[in-house]
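>>> Have a look at this prediction, sequence included:
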Amino acid sequence: MSLASDIMNSGDVWAAINEIRRTLMDLTSGRRLEDASIGARGLRLLDGGSLTINGGAIRMTDETGSVGLLFFGPGTDGHRIWAFSFDDGEFAFGLQGSVGRSYWAGYDRQGNLLMANDGQTGVGLARPYLNYRLVPSSEAQITGTSFVPSHTSTSFVTLWQGINPVFHPRVTIGIVPNTSGGGTAHWRLLVNGADVTGDQTGTQIKTVSIPGWGDTVKPGNALSFEVQGYIAGGGTRVVLQVDRFHANQS
């Protein structure tokens with residue numbers, strides 16, 4: 001029997017060598033680059049490739065290398081953040097905050113916060129504060145030359161009311177109460193029929209949470225607001241003036 005059949009011909013040998021080369025190239029192409037630079041033609045990821053940052057950061061600077069324009073990486077508490085800056089390096093927009101409390105925010109060149117979502121609840125807006133609208137209720141009385149709603153009731157009656165879409169977890173209201181004939185003016189704020197302030201007296205500014213925020217109430221839901229009042233202690237009339245009514249962050 002000839003031994004020729006047991007010996008690989010030269011074509012088979014070269015085919016095997018080329019296959020080994022390809023395998024080695026595949027295995028070594030994923031080796032770690034400890035330090036690398038990319039020229040003017042840049043870096044392209046083709047055929048579904050991706051860039052993975054695991055424990056490091058991305059930094060983009062201007063042509064001088066001194067002004068940071070973009071950053072992705074760990075913040076002061078180790079949480080991953082995105083930061084986009086103006087051409088002078090001043091923070092402009094990004095994702096920031098602590099672990100479990102991250103939020104997006106936009107600033108002007110002086111560092112003033114212009115717009116952000118609520119970081120504490122994770123639902124809705126933090127800034128800007130939106131103004132809500134209240135109008136005199138059908139139960140309110142307008143007397144004499146006064147255009148401020150009033151009433152003679154000795155139990156809670158609605159003097160101001162409004163339906164507003166809400167985008168913030170809290171609301172701030174300022175009440176200036178007055179009376180006719182002495183006595184004490186009492187007031188409270190209802191949100192969708194729920195008492196959120198309790199029975200109040202005197203001029204006050206109250207910031208209260210929207211009941212059910214992030215659960216039964218979502219950003220953009222329209223809620224009813226009522227300011228109620230009554231007169232006590234021998235007075236004849238309660239007058240409630242609303243000097244502020246706006247959204248607030250948590």
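Perfect, I can see it now.
>>> so who does Ile141 touch?
Careful, residue 141 is Gln and not Ile. 149-152 (C-beta atoms under 8 Å, 6 or more residues apart in numbering). C-beta here means a position set from N, CA and C on the backbone, and glycine is covered the same way.
>>> beta partners for it?
As for beta bridges, Gln141 partners with Ser150 under DSSP bridges.
>>> Give me the nearest residue to Thr184, chain neighbours excluded.
Gly233 (4.6 Å; C-beta to C-beta, 6 or more residues apart in numbering).
>>> do the same with Arg244
Nearest to Arg244 is Gly174, by C-beta to C-beta, 6+ apart, at 3.9 Å.
>>> check contacts around Ala232.
So Ala232 contacts 154, 183-184, 186 (C-beta under 8 Å, 6+ apart).
>>> In PyMOL, how would I select just the buried ones from those residues?
Selection of buried members from the contacts of Ala232 for PyMOL, criterion 16 or more other C-beta atoms under 10 Å:
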select buried, resi 183+186
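>>> any idea which of the contacts of Ala232 is closest to Asp35?
His186 (72.7 Å; C-beta to C-beta).
>>> do you know how far the nearest residue to that closest one once chain neighbours are set aside is from Asp199?
Spatial nearest neighbour of His186, chain neighbours left out: Tyr230 (5.2 Å); criterion: C-beta to C-beta, 6+ apart. In this view, Tyr230 and Asp199 are 9 Å apart by C-beta to C-beta, to the nearest Å.
>>> hey, what's in contact with both of the two?
The contact lists of Tyr230 and Asp199 share His186, where a contact means C-beta under 8 Å, 6+ apart.
>>> Between the two, tell me which one has more neighbours.
Tyr230 (22 against 12; other C-beta atoms under 10 Å).
>>> the helices in the chain, which residues?
For the chain, helices defined by DSSP state H occupy the ranges 10-28.
>>> Spatially central residue for it, please.
Asn117 (1.1 Å; C-alpha atoms, centre = their mean).
>>> what domains does the record give for the chain?
58-117, 135-248 (automatic domain parsing).
>>> Any idea which of those has the lowest pLDDT on average?
Per-stretch averages of pLDDT across these put domain 58-117 at the bottom, with a mean of 87.
>>> From start to finish, how long is that one in a straight line?
24 Å (C-alpha to C-alpha, to the nearest Å).
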